[in-house]
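Student: Give the three-dimensional model of this entry:
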Amino acid sequence: MKFMKNSQKTKITNSSSKRPRVKNLIRLLQLALPFWKLIALSALCVILVNGATLVKPYILKLVIDDFLIKGLPSKGLYSITSMGIIYFLVVSISGLLSITQVNLINKAAQEIMSGLRRRVFRLIQLMPLSYLDKTSSGRLITRATNDIEALSEMYTDVIINLFKDIFLLIGIVYAMLALNVKLALVSFCVLPFMALMVFKLNNKIESNFKIMKTYIGQINGYMAENISGMRLVQIFRAEKEKLKGFQKLNNAYLENAKYQVWLNSFLRPASEIFKNLSVAVLLWYGMGRISNQTLEIGVLYAFVTYIQQFYNPISDLADNYTTIQSALVSSDRIFELLDQEGNTEDLDSGIPMEKIKGDIEFKNVWFSYNDRDWILKNVCFKIKMGETAAFVGETGAGKTTIINLISGFYKVQKGEILIDGINVDDIRPKDLRRNVAVVLQDVFLFSGTIEKNITLNDNIDGSIVQKAVEMSCANEFIDSMDDGLKSKVMERGSTFSAGQKQLLSFARALAHNPSILILDEATSNVDTHTEKLIQKTIENVSRERTTLVIAHRLSTIRNADKIIVLKHGEIIEMGNHAELYKKGGYYYRLCTNQRARYSPMDDEIHVLTGEA
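Tutor: Sure, this is the predicted structure:
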């Protein structure tokens with residue numbers, strides 16, 4: 001089969017495969033400890049149901065041997081009628097206990113999964129950006145959804161049933177040995193052959209599951225990426241190419257899924273074959289003993305019933321084998337992620353700084369994202385509280401990296417960054433980020449309302465939100481909407497224009513009243529009229545806080561107190577607009593090159609040159 005060959009050729013590397021499987025099973029059981037009472041009650045129900053299952057064949061054995069074969073007279077409770085009533089009560093109580101057991105274990109399992117999802121989501125929130133940059137979103141989404149769902153199936157469908165089946169098997173073996181030792185040994189003669197087959201299939205099924213989980217992660221990531229970029233896909237008519245990419249992943253998953261089905265197809269039929277073979281051997285051996293009157297018919301009937309009950313849990317295990325292997329592989333992947341908890345950010349550790357003044361200093365800072373290629377090289381500058389500083393330079397010069405470092409998202413390899421004279425790595429992260437607000441060029445809006453997208457939490461008063469909306473010039477388009485601040489925002493703000501999203505981003509930053517305001521190409525997506533309004537707003541708010549501006553449109557930074565010019569990660573010039581323009585260096589050439597792109601009648605020329 002083609003898909004078998006392809007699957008056998010596919011290889012994946014997963015560090016979690018080295019983790020002892022027993023250790024993961026213990027960790028899965030530890031997750032259930034807070035709900036031990038529910039699980040214990042469920043286990044008690046299972047034991048009682050198993051007892052009923054074992055009693056039923058014995059009741060029938062008594063009826064056959066004592067009343068039908070031997071013809072013993074009915075006396076009081078020991079009668080066929082009493083046995084029938086007892087059998088009915090056993091069946092009824094067993095059914096009620098089964099319903100109770102299912103509800104108890106499902107309640108416990110859903111609570112466990114809810115807590116695990118919350119834990120995974122919280123972990124992802126606290127992971128440093130350096131980790132998230134190297135980890136695909138599809139991989140993380142798969143762990144938070146598919147893998148946890150696989151564990152849910154194991155808790156609800158497998159663990160308690162496994163407990164039930166193990167106790168049932170022990171009970172059946174005991175009952176069979178108690179009735180007739182030789183007959184019990186004959187009944188189990190085919191078990192070694194079945195165990196050998198299951199052992200052979202185990203490694204193949206587990207290995208293929210790891211491959212399937214990897215492809216699921218890739219498919220989730222590919223779909224998430226394409227949905228987010230669907231506008232570009234449709235604009236450039238890339239549907240066909242993207243569909244080919246998806247089909248390639250989908251076909252690879254299909255090949256392995258078919259191989260998995262092929263492997264699983266052996267389990268239940270094999271169980272049925274071995275069960276019937278055991279019954280055949282039992283009947284062949286038992287009928288010979290009945291003919292020479294060394295075995296009772298009721299005992300043989302009980303044994304046939306027991307042997308069928310014995311293989312039912314094995315058949316269930318065969319059906320659940322896929323679920324078990326999927327859950328074990330998923331547990332490897334989830335615990336691999338949860339083991340990163342030691343690398344998460346502790347937002348409460350460090351020096352508390354409820355209110356930052358806004359003094360910033362870079363002292364001989366060297367930084368690289370991969371510890372090889374330096375993005376910043378020996379960068380030194382000081383920005384005083386209340387100053388407006390602008391960073392200019394070509395793409396890749398290191399401007400945005402400086403912003404990320406000030407926000408504490410990455411740690412420098414050499415040198416240090418000081419905020420109010422304190423190393424940024426020593427400041428409590430939640431205090432640092434409470435005092436820093438960023439307006440990005442690519443604005444991200446969450447599903448919800450406009451107001452929730454501005455506050456992002458419930459600690460901002462409505463009057464402050466309204467003031468921020470007015471200062472950011474967003475009130476004009478918000479007031480025109482039917483529900484105002486309560487208006488709905490679709491995913492990623494798809495129903496808003498780029499300029500409207502930018503204005504909302506300004507309102508969000510102003511509402512949080514930061515000590516340090518960072519504008520990263522913040523006016524690039526707004527029209528000239530709105531830009532002038534925003535420039536006026538920036539002038540007003542920057543008097544009270546340190547403002548850092550990244551801009552390619554140099555007209556937006558002409559009034560900055562300090563302009564820092566970067567090239568290939570190094571500062572090559574520093575000063576205000578008039579000083580740098582007069583110097584005739586790199587900044588002057590940037591201005592003149594940008595000036596050449598505009599019409600001689602454009603006002604921007606006069607802003608750049610300082611001419612009236």
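
Student: Please count neighbours and contacts with C-alpha atoms only from this point.
Tutor: OK.

Student: Now name the helix or strand holding the closest residue to Asn220 other than its chain neighbours.
Tutor: Using Cα to Cα, 6 or more residues apart in numbering and skipping the chain neighbours, the partner closest in space to Asn220 is Gly138 (4.7 Å). Element membership of Gly138, judged by DSSP states H and E, is helix 137-142.

Student: ok, which stretches of the stretch 501-612 of the chain are strands?
Tutor: 516-520, 546-550, 562-567, 570-575 (DSSP state E, counting those that start in this stretch).

Student: which other helices and strands contact the third one?
Tutor: Strand 562-567 is packed against strand 388-392, strand 570-575, with contacts defined by 3 or more Cα pairs under 8 Å, 6 or more residues apart in numbering; DSSP states H and E.

Student: Could you check the angle the helix or strand following the shortest one makes with strand 516-520?
Tutor: Counting by DSSP H and E, the element after strand 388-392 in chain order, helix or strand, is helix 399-406. Compare the direction of helix 399-406 with that of strand 516-520 by axes from the mean of the first three to the mean of the last three Cα atoms, to 10 degrees and you get 150 degrees.

Student: Alpha carbons only: can I get helix 399-406 in PDB?
Tutor: Coordinates of the C-alpha atoms in helix 399-406 are reproduced here as PDB (Å, rounded to 0.1, in the frame of the first residue of the first chain):
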ATOM      1  CA  LYS A 399      14.800  51.200  15.300                       C
ATOM      2  CA  THR A 400      12.000  48.800  16.300                       C
ATOM      3  CA  THR A 401      14.500  46.600  18.200                       C
ATOM      4  CA  ILE A 402      15.200  49.600  20.500                       C
ATOM      5  CA  ILE A 403      11.500  49.900  21.200                       C
ATOM      6  CA  ASN A 404      11.200  46.200  22.000                       C
ATOM      7  CA  LEU A 405      14.200  46.400  24.400                       C
ATOM      8  CA  ILE A 406      12.700  49.500  26.200                       C
END
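
Student: Can you check what angle separates it from strand 388-392?
Tutor: Going by the same axes, to 10 degrees, helix 399-406 makes 130 degrees with strand 388-392.

Student: Show the average pLDDT along helix 399-406.
Tutor: For helix 399-406, mean pLDDT rounds to 89.

Student: Mind checking what helix or strand follows it in sequence?
Tutor: Using DSSP H and E, the helix or strand that follows helix 399-406 in sequence is strand 414-419.

Student: Now do the same contact list for the residue most central in space within the chain.
Tutor: Residue closest to the average C-alpha location in the chain (Cα atoms, centre = their mean): Ala144, at 2.8 Å. Residues in contact with Ala144 (Cα atoms under 8 Å, 6 or more residues apart in numbering) are 117, 120-121.

Student: Out of those, who's the most crowded?
Tutor: Within those, neighbour counts (other Cα atoms under 10 Å) peak at Val120, which reaches 21 neighbours.

Student: what's across from Ala437 in the sheet?
Tutor: Leu517 (DSSP bridges).

Student: mind listing what Thr546 touches?
Tutor: 358-359, 383-389, 515-517.

Student: After the helix holding Gly138, heading C-terminal, what element do we hit next?
Tutor: That would be, after helix 137-142 and using DSSP H and E, helix 148-153.

Student: Please enumerate residues in contact with the next helix-or-strand element following that following helix?
Tutor: Later in the chain than helix 148-153, the nearest helix or strand by DSSP H and E is helix 160-179. Residues outside helix 160-179 that contact it (Cα under 8 Å, 6+ apart) are 42-43, 46-47, 50-51, 54, 105, 183-184, 299, 303, 306, 309-310, 313, 317.

Student: Sort out for me which of those residues are in helices.
Tutor: Using DSSP state H to define helices, the subset of those located there is 42-43, 46-47, 50-51, 54, 105, 183-184, 299, 303, 306, 309-310, 313, 317.

Student: Would you mind giving the strands of the stretch 501-612 of the chain as JSON lines with mean pLDDT and distance to Gln293 added?
Tutor: Below are the strands of the stretch 501-612 of the chain laid out as JSON lines (pLDDT from 0 to 100; distance: least, Cα to Cα, whole Å):
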{"stretch": "strand 516-520", "mean pLDDT": "88", "distance to Gln293": "95"}
{"stretch": "strand 546-550", "mean pLDDT": "90", "distance to Gln293": "99"}
{"stretch": "strand 562-567", "mean pLDDT": "92", "distance to Gln293": "102"}
{"stretch": "strand 570-575", "mean pLDDT": "92", "distance to Gln293": "101"}
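
Student: In JSON lines: those strands, plus distance to Thr449.
Tutor: Formatted as JSON lines, the strands of the stretch 501-612 of the chain follow (distance: least, Cα to Cα, whole Å):
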{"stretch": "strand 516-520", "distance to Thr449": "24"}
{"stretch": "strand 546-550", "distance to Thr449": "28"}
{"stretch": "strand 562-567", "distance to Thr449": "37"}
{"stretch": "strand 570-575", "distance to Thr449": "42"}
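
Student: what's the closest of these to Lys75?
Tutor: strand 516-520 (94.2 Å; Cα to Cα).

Student: what's the offset of the closest one from the middle of its chain?
Tutor: Its chain's C-alpha centre lies 31 Å from the corresponding centre of strand 516-520 when counted by Cα atoms, centre = their mean, to the nearest Å.

Student: Likewise for stretch 123-130?
Tutor: That offset, for stretch 123-130, works out to 12 Å (Cα atoms, centre = their mean).

Student: next one: stretch 189-197
Tutor: With Cα atoms, centre = their mean, you get 40 Å for stretch 189-197.

Student: Buried residues in that stretch, which are they?
Tutor: Met194 (16 or more other Cα atoms under 10 Å).

Student: same check, this time on stretch 37-44
Tutor: 38-39, 42-43.

Student: Kindly report the same for stretch 56-74.
Tutor: 56-67.

Student: What lies in contact with it?
Tutor: With contact meaning Cα under 8 Å, 6+ apart, stretch 56-74 is reached by 79-80, 83, 87, 90, 296-299, 301-302, 305-306.

Student: Show me the two of the residues you listed that sit farthest apart.
Tutor: Of all pairs in the contacts of stretch 56-74, the most separated under Cα to Cα is Val90 and Glu296 at 24.6 Å.

Student: by contact count, what packs against whatever helix or strand Ser207 lives in?
Tutor: In the assignment (DSSP H and E), Ser207 maps to helix 191-228. Counting contacts by 3+ Cα pairs under 8 Å, 6+ apart, helix 191-228 is packed against helix 137-142, helix 239-264, helix 267-291, helix 297-338.

Student: To Asn576, which of those helices lies closest?
Tutor: helix 137-142 (42.0 Å).

Student: looking just at contacts, which helices and strands does the closest one meet?
Tutor: helix 191-228.

Student: Any buried residues in the helix it packs on, and which?
Tutor: 194, 198, 205-222, 226.

Student: still on that earlier bit, so how far is the helix holding Gly138 from its chain's centroid?
Tutor: Distance, centroid of helix 137-142 to centroid of chain: 6 Å (Cα atoms, centre = their mean).

Student: and it, average pLDDT?
Tutor: 76.

Student: Just the CA trace of it, in CSV.
Tutor: Backbone C-alpha positions of helix 137-142 (Å, rounded to 0.1, in the frame of the first residue of the first chain) are rendered in CSV as follows:
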residue,chain,number,x,y,z
SER,A,137,1.0,29.6,16.2
GLY,A,138,-0.4,26.4,14.7
ARG,A,139,1.7,24.4,17.0
LEU,A,140,0.5,26.3,20.1
ILE,A,141,-3.1,26.2,18.9
THR,A,142,-2.9,22.4,18.4
